[in-house]
Every structure is written in structure tokens, then in C-alpha cells.
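Peer 1: how would this look folded up:
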Amino acid sequence: MDNTPYDDVFRTLLTDCTELMIPVVNEIFHTKYTGKETICLLQNEHFIRMPDGSEQERITDSSFEIISEETAPIAQGQKKRYHIECQSTEDGTMIVRMFEYDTQLALENREFTSNILTVQFPDSAIVSLRHTKNTPEEMTVKVLTPGGRVSYTVPVLKVKRYTIHELFEKKLFFLIPFHIFAYE
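Peer 2: As a prediction, the model looks like this:
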């Protein structure tokens with residue numbers, strides 16, 4: 001999948017204005033971060049092994065952890081991992097890519113003890129720059145395993161729904177460059 005200029009803007013904002021992501025995370029996941037937390041950007045390049053044995057590179061728009069001041073010194077389990085993708089157009093494959101990325105992120109941070117593999121998926125979301133009446137509020141991944149069913153939802157934040165006033169009111173400054181989509 002090729003990068004769009006919007007992916008580049010998203011990544012540049014995340015790198016140069018990292019703290020602006022806190023209100024976006026609060027809006028999407030209904031968290032209550034104060035803005036005093038530390039955001040640690042994580043690796044965005046991942047390699048997925050294909051059935052033929054070759055590897056394909058996947059680049060996520062964002063992979064980061066939020067660490068609260070109150071949890072310092074950092075102890076296991078006191079940081080939260082997030083994965084957010086910026087989607088400019090619907091192509092029907094976004095939830096598949098989210099699962100691929102989430103799986104890769106979970107495997108990269110696996111724990112293996114006493115013959116038990118533990119993987120923890122990040123909290124994931126999609127920032128939708130364009131949406132239609134058919135764009136869902138959330139998407140769901142269901143995994144059927146021999147041990148039972150597991151599912152998780154991926155919320156979809158629809159940028160065009162926000163007025164410029166709401167973006168400022170909610171301190172969603174990170175989304176301002178994408179507000180232009182409201183005028184398409």
C-alpha cells in the first residue's frame with residue numbers, strides 16, 4: 001500500500017507535535033489523559049511473512065505508548081500502547097490491515113514463559129478523513145481459536161463530523177490540517 005500525502009502529514013504531526021495526540025486518544029478511547037503524560041513513539045516499520053516465505057514491509061501511521069507521570073518509575077503494565085491509522089478513502093481492506101498491523105505489534109512485544117506465549121494487542125483506531133453514510137462507527141475483528149472466540153473493536157473517528165469550533169474546543173489541534181475534508 002502506497003503512502004498518501006495525508007499519511008505523511010499524519011506521521012509528521014505525530015513526530016513533531018507528539019503531545020497533540022493526547023486529546024485525540026482521549027476523544028477516540030474516552031480516556032482521561034491530562035497532557036502531562038509522556039508519549040513514546042515506537043517503530044512503524046514491520047515485516048509480515050507471506051505464505052511463499054517472502055517478507056513484505058508494512059508501515060503503520062502510528063504506534064506509540066502513553067506513560068503517565070504517576071506511573072514513574074515505569075513498571076510492567078503501567079504503560080498503554082496505541083495504534084492509530086489515518087484513512088483518506090474507504091477501500092474495504094482497512095480492518096484487514098488493522099489486524100495485520102495489530103498482530104505484528106503484538107508479536108513484537110510478546111512474552112514467552114513456561115511454554116506460554118502471551119501477546120497483547122494495542123488499542124487501535126482509525127482516523128477517517130472521508131466518510132460516507134456507510135462508514136461504520138467501529139469495526140470488529142473476530143478471531144476463532146480452538147480455545148474459543150476473541151474479538152475486539154476498532155473505533156472510527158470521522159474527522160468531517162467536527163466543526164473547526166469543536167476541534168478547538170476539544171483541543172483536537174492534531175486534526176486541524178485534515179479539516180479541509182469537511183469542504184469537499
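
Peer 1: and stretch 35-42, what's buried?
Peer 2: Buried residues in stretch 35-42, counted by 16 or more other Cβ atoms under 10 Å: 37, 39, 42. All C-beta spots, glycine's among them, are computed from the backbone N, C-alpha and C.

Peer 1: sorry, wrong one. I was asking about stretch 11-20.
Peer 2: So for stretch 11-20, counting by 16+ other Cβ under 10 Å, buried means 11, 13-14, 18, 20.

Peer 1: check stretch 175-184 too.
Peer 2: Here stretch 175-184 shows 175, 178-179, 181 as buried, counting by 16+ other Cβ under 10 Å.

Peer 1: quick one: average confidence on that stretch?
Peer 2: The predicted model assigns stretch 175-184 a mean pLDDT of 89.

Peer 1: can you list contacts of that stretch?
Peer 2: Contacts to stretch 175-184, defined as Cβ atoms under 8 Å, 6 or more residues apart in numbering, come from residues 6, 9, 13, 24, 86, 127, 129-130, 159-160, 162-164, 167.

Peer 1: quick one: the helices in the protein?
Peer 2: Along the chain, counting by DSSP state H, helices occupy 5-16, 21-29, 94-108, 164-169.

Peer 1: hey, which helix or strand in the chain has the poorest pLDDT?
Peer 2: Least confident helix or strand, the chain: strand 45-49 with a mean of 66, by mean pLDDT, DSSP states H and E.

Peer 1: isn't residue 40 up against residue 67?
Peer 2: Yes: the pair residue 40 and residue 67 passes the contact test of Cβ atoms under 8 Å, sitting 6.5 Å apart.

Peer 1: how close does the residue lying closest to residue 119 once chain neighbours are set aside sit to residue 181?
Peer 2: Leaving aside its chain neighbours, residue 119 sits nearest to residue 106 (3.9 Å; criterion: Cβ to Cβ, 6 or more residues apart in numbering). Noted for residue 106: a distance of 31 Å to residue 181, by Cβ to Cβ, to the nearest Å.
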